[in-house]
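> quick one: sequence and predicted model below, then my questions.
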Amino acid sequence: MLLSGAPMLPLTVLAQTGGVGIGTPNPASRLEVNGGLTLTETASPALTGTNPSYTIPTNVSQVRLVPSGTAPTGTIALTSTTPVSGQYLTVYNGTTIPATLNSQTVPAGNAVTFVYSNGGWRTTSASGPAGPAGATGTAGSNATVAAGPGLSSTVSGTTTTVQLGGSALMAATDVPLAGNALTFSSATGGKVGVGNGTTVPYTLSVKHDNGTPVVSAGNGLSVSHVLGPTWVMYVSNTAQSLQFYRDGVKEVEFTPDGSVNNVSDSTAKTQVRQLENGQMARLMQLQPKSYRYKAQFSNQRQYGLMAQELVAVYPDMVQHNRDDDGRDSWTVSYTKLIPVLVKALQEQELARQQQAARLDSLEAQVKLLQQLSRPVLRKSGR
């Protein structure tokens with residue numbers, strides 16, 4: 001049976017029982033289509049400017065957002081006219097900025113399918129571009145994002161869950177957070193591991209390969225400033241120590257016996273000269289004090305020097321800077337006092353040896369005088 005209607009008039013088929021089949025004589029449901037289902041795509045006007053808006057026409061099932069020659073900026077605000085419950089809508093965002101419909105995000109270069117339910121548009125799925133491994137994706141509310149093999153992200157309300165699993169990531173993968181926090185949490189004591197395989201011993205566990213950051217830049221746990229240095233924490237298997245590197249240069253290490261060792265290799269130093277004499281006199285100018293810090297946790301008194309006083313005697317032992325937030329900062333390197341104390345002790349020991357030699361000389365002179373004076377004293381009867 002062939003049904004046809006006027007081109008612009010609705011065609012309605014009513015059946016008390018059974019269903020309507022397209023390409024099949026025996027439909028298994030109310031409507032069954034045997035073959036492809038094509039939805040006519042409606043293109044938006046060329047979108048431009050900052051935070052442009054677009055109203056989706058009535059009775060449209062698929063929309064493509066089109067940028068103008070001058071790419072828009074900000075976020076595209078989408079609205080729709082007279083949607084009905086159960087209506088499906090697919091939005092393909094062909095621009096370079098995100099779009100939103102009923103607070104649901106359509107990332108740039110992505111297609112998102114919506115269904116109108118309970119008085120609003122709801123996403124059924126959202127996916128990142130199906131390009132090469134390591135592609136980026138942005139999640140809308142209650143959506144799943146495929147951001148390259150091995151990485152998926154799901155969003156529910158304000159909580160984002162990122163899953164690293166499945167196939168290995170074959171390229172760098174970026175998870176944009178847009179200023180929000182990314183949290184791994186578990187009410188049952190879950191753990192996060194990097195390089196640990198399936199066994200993660202601690203709440204956060206990082207395991208790296210052999211090879212110091214000097215040679216193997218990828219090893220270790222790094223913290224960097226966007227404008228400055230990079231610090232890397234590295235565990236040495238040979239020395240069994242925890243080492244810290246700044247921009248690839250080893251600075252300090254913590255050893256298993258509790259020592260804190262500064263790098264002191266002569267081959268790493270330049271402009272080496274002997275420490276000048278007079279250190280004891282300079283040390284005598286220092287004013288050691290006891291004190292408590294204003295933000296101190298315990299009631300124990302601390303012992304040390306005031307940076308503002310020490311800088312007048314040993315300026316190289318004091319750092320006076322402004323923190324990144326502009327606050328005044330005074331710090332003291334107490335380890336630099338150690339060579340000075342050694343030099344002062346050497347000066348004191350040298351002075352003691354000189355005094356001892358002088359006393360020995362005086363004692364020898366006294367003994368000689370005593371020996372010379374004995375014959376004279378005998379003749380005088382004394």
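Thanks, I have it.
> tell me who's in contact with the residue nearest to the spatial centre of the chain.
Compute the mean C-alpha point of the chain, and by C-alpha atoms, centre = their mean the closest residue is Val223, 6.4 Å away. Taking C-beta atoms under 8 Å, 6 or more residues apart in numbering as the definition of contact, the neighbours of Val223 are Thr230, Trp231. Bear in mind the C-beta positions are built from the backbone N, C-alpha and C, glycine included.
> what does Pro213 give?
Applying C-beta under 8 Å, 6+ apart, the residues contacting Pro213 are Asn219, Gly220, Ser222, Val232, Tyr234, Tyr245, Gly248.
> relative to Ser103, how far out is it?
44 Å (C-beta to C-beta, to the nearest Å).
> picking up where we left off before, could I get the contacts of Pro213 as JSON lines with pLDDT?
Output for those, formatted as JSON lines (pLDDT from 0 to 100):
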{"residue": "Asn219", "pLDDT": "86"}
{"residue": "Gly220", "pLDDT": "90"}
{"residue": "Ser222", "pLDDT": "89"}
{"residue": "Val232", "pLDDT": "92"}
{"residue": "Tyr234", "pLDDT": "93"}
{"residue": "Tyr245", "pLDDT": "92"}
{"residue": "Gly248", "pLDDT": "86"}
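> now the buried members of those.
The neighbour-count test (16 or more other C-beta atoms under 10 Å) applied to the contacts of Pro213 identifies Asn219, Gly220, Val232, Tyr234, Tyr245 as buried.
> my read is that the second one contacts Met233, right?
Yes: assessed by C-beta atoms under 8 Å, Gly220 is found in contact with Met233 at 5.8 Å.
> not counting sequence-adjacent ones, nearest residue to Ser290?
The spatially closest residue to Ser290, leaving aside those adjacent along the chain, is Arg301, at 4.7 Å (C-beta to C-beta, 6 or more residues apart in numbering).
> sec struct for Asn210, please.
Secondary structure for Asn210, judged by DSSP: H, G, I helix; E, B strand; the rest coil, is coil.
> and for the one 4 residues further on?
Counting by three-state DSSP, the backbone at Val214 sits in coil.
> residues near it, how many?
Residues contacting Val214 under the criterion other C-beta atoms under 10 Å number 13.
> quick check: the closest residue to it other than its chain neighbours vs Ala43, distance?
The shortest distance from Val214 to any residue other than its chain neighbours is 5.3 Å, reached at Gly248 (C-beta to C-beta, 6+ apart). To Ala43, Gly248 is 53 Å away according to C-beta to C-beta.
> do Thr55 as well
Noted for Thr55: a distance of 14 Å to Ala43, by C-beta to C-beta.
> do I have it right that Pro52 meets Ala71?
No: taking contacts as C-beta under 8 Å, Pro52 lies outside contact range of Ala71: 10.6 Å.
> quick one, which of these two is more surrounded?
Pro52 (23 against 11).
> contact partners for that one?
The contact partners of Pro52, taken as C-beta under 8 Å, 6+ apart, are Pro72, Gly74, Ile76, Ala77.
> and the residues you listed, which two are the farthest apart?
Pairwise distances among these were taken by C-beta to C-beta; the largest, 11.1 Å, belongs to Pro72 and Ala77.
> these two: who's more crowded?
Comparing Pro72 with Ala77 by other C-beta under 10 Å, the one with more neighbours is Pro72, at 20 against 13.
> how close does Val226 sit to Glu32?
Separation of Val226 from Glu32 (C-beta to C-beta) stands at 58 Å.
> could you do Lys294 as well?
Relative to Glu32, and taking C-beta to C-beta, Lys294 is found at 77 Å.
> these two: which is more packed in?
A direct count of neighbours by other C-beta under 10 Å for Lys294 and Glu32 places Glu32 higher, at 14 against 5.
> dig out what the more buried one forms beta bridges with.
With DSSP bridges applied, Glu32 shows beta-bridge pairing to Gly21.
> tell me where the stretch 151-300 of the chain has helices.
Along the stretch 151-300 of the chain, the stretches classed as helices by DSSP state H, counting those that start in this stretch are 279-283.
> now do the residue nearest to Thr40 when sequence neighbours are not counted, the pLDDT please.
Across the structure, with C-beta to C-beta, 6+ apart as the measure, the residue nearest Thr40 apart from its sequence neighbours is Gln62 (7.0 Å). Looking at Gln62, its pLDDT stands at 92.
> low-confidence regions, this structure specifically.
Counting by pLDDT under 70, the ranges of the chain that qualify are 1-16, 125-179, 182, 184-188, 216-217, 381-382.
> correct me if wrong: Arg322 contacts Ser329.
Yes: counting by C-beta under 8 Å, Ser329 is a contact partner of Arg322 at 6.5 Å.
> so what's Ala111 bridging to?
Where Ala111 sits in a bridge, its partners, by DSSP bridges, are Tyr92.
> quick one, what contacts it?
In this structure, Ala111 makes contact with Thr90, Val91, Tyr92, Asn93, Ser127, judged by C-beta under 8 Å, 6+ apart.
> which of those residues lies closest to Val20?
Proximity of the contacts of Ala111 to Val20, judged by C-beta to C-beta, is greatest for Thr90, which lies at 22.8 Å.
> so which of the contacts of Pro52 are in strands?
Counting by DSSP state E, these place Ile76, Ala77 in strands.
> with distance to Asp257 added, can I get the contacts of Pro52 in JSON lines?
Compiled in JSON lines, the contacts of Pro52 are given as follows (distance: C-beta to C-beta, whole Å):
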{"residue": "Pro72", "distance to Asp257": "63"}
{"residue": "Gly74", "distance to Asp257": "59"}
{"residue": "Ile76", "distance to Asp257": "62"}
{"residue": "Ala77", "distance to Asp257": "64"}
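> which of the contacts of Pro52 sits closest to Ser361?
Within the contacts of Pro52, distances to Ser361 taken as C-beta to C-beta reach their minimum at Gly74, with 91.9 Å.
> if we ignore the residues flanking it in sequence, what's nearest the closest one?
Asn51 is the one closest to Gly74 (C-beta to C-beta, 6+ apart), at 3.8 Å.
> from Thr113, how far off is the one you found?
When C-beta to C-beta is the yardstick, Asn51 and Thr113 sit 24 Å from each other.
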